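structure for this input, please:
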Amino acid sequence: MEAYMSMISAFGCNFVIQNWGACSGGLMAISQNTALYSLVQNFYGGDGRTTFALPDLRSRTPISYGQGPGLSNKVLGQTGGRETTTLTILDLPMHHHDMSITGQTQAGTASLPVTTGGGDASTPDGNFMAATSSTNRIYGSTLSNPPGEMGPITIPAQQVTVNGMTNMSGGSLPVHTQSPYEAVNFQMCLYGIYPSRS
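Predicted coordinates:
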């Protein structure tokens, strides 16, 4: 059976059949293949003046051009896709990591030196708590000898918010996105019946 020019078929052999060309992106001279060029033009490469290219299906899966329902448009000869991709934080769904923090209980006491004399200052800066005051001044400017002591002062338990981050994990290795496959020998018919439009 004679094939149509520009027809692509998959063969099980490992060589190029007579009148066919391997779909490996090879360049063809327009001057020597005018009939085939009139069909494939430079959809698959070449400068469109002296050369044109055959499709390069090495390690690629052919799909039909156009736009299927709910899918993006594909132009004849367009290539795309990757065998692997490295995910970033933008690719991940919203999630959280549990973080366990062991709390520590610590008792706290403090003693505050005071003066046994009367208060003669109105601000705490550089002064001490006074024992008595007749002028509504509760701070003393000099420490009595011996100094007094207020305490012990009990520090009540406080609620503390701890901000933290879990340790980094993962290796940032590429994720394989390729479907299961089996390689065959794609070739294009170079010389055959010139197809007519329907």
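
C-alpha only now, for contacts and for neighbours.
Noted.

can you list the domains in this structure?
1-63+182-198, 111-154 (automatic domain parsing).

now do the first one, average pLDDT.
This means domain 1-63+182-198. For domain 1-63+182-198, mean pLDDT is 96.

wait, which of the domains of the chain is closest to His95?
domain 1-63+182-198 (34.6 Å; C-alpha to C-alpha).

which stretches in this protein count as strands?
For the chain, applying DSSP state E gives strands covering 8-11, 20-22, 27-29, 51-53, 84-85, 109-118, 128-132, 139-140, 148-154, 175-176, 185-189.

which residues does Gly66 bridge with?
Beta-bridge pairing of Gly66 under DSSP bridges involves Lys74.

could you give the number of residues near it?
For Gly66, the count of nearby residues is 11 (other C-alpha atoms under 10 Å).

do the same with Gly119
23.

between the two ends of stretch 14-32, how far is it?
Criterion C-alpha to C-alpha, to the nearest Å; first-to-last residue distance in stretch 14-32 is 26 Å.

my bad, stretch 23-30
The first residue of stretch 23-30 is 17 Å away from its last residue (C-alpha to C-alpha).

with stretch 36-44 instead?
First-to-last distance for stretch 36-44 - C-alpha to C-alpha - comes to 13 Å.

quick one: contacts of that stretch?
With C-alpha atoms under 8 Å, 6 or more residues apart in numbering as the contact definition, stretch 36-44 has outside contacts at 5-6, 25, 30, 48, 52-56, 76-78, 190-191.

list the buried residues for that stretch?
Going by neighbour count (16 or more other C-alpha atoms under 10 Å), the buried part of stretch 36-44 is 36-37, 40-44.

sorry, back to before: now the strands of the chain in TSV, with mean neighbour count and distance to Val162?
Formatted as TSV, the strands of the chain follow (neighbours: other C-alpha atoms under 10 Å; distance: least, C-alpha to C-alpha, whole Å):
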stretch	mean neighbour count	distance to Val162
strand 8-11	14	64
strand 20-22	21	65
strand 27-29	17	65
strand 51-53	22	63
strand 84-85	12	36
strand 109-118	16	23
strand 128-132	21	35
strand 139-140	26	37
strand 148-154	12	23
strand 175-176	11	35
strand 185-189	22	62
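
one step back: out of the buried residues of stretch 36-44, who's nearest Gly164?
Nearest member of the buried residues of stretch 36-44 to Gly164, counting by C-alpha to C-alpha, is Tyr44, at 53.9 Å.

could you measure from that closest one over to Gly26?
Taking C-alpha to C-alpha, one finds Tyr44 at 10 Å from Gly26.

residues in contact with the residue nearest to Ser172 when sequence neighbours are not counted?
Closest residue to Ser172 apart from its sequence neighbours, by C-alpha to C-alpha, 6 or more residues apart in numbering: Thr86 at 6.6 Å. Thr86 sits next to 172-175 when contact means C-alpha under 8 Å, 6+ apart.

reformat those as CSV; add distance to Val114 and pLDDT.
Below are these laid out as CSV (distance: C-alpha to C-alpha, whole Å; pLDDT from 0 to 100):
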residue, distance to Val114, pLDDT
Ser172, 62, 83
Leu173, 66, 86
Pro174, 68, 89
Val175, 69, 89
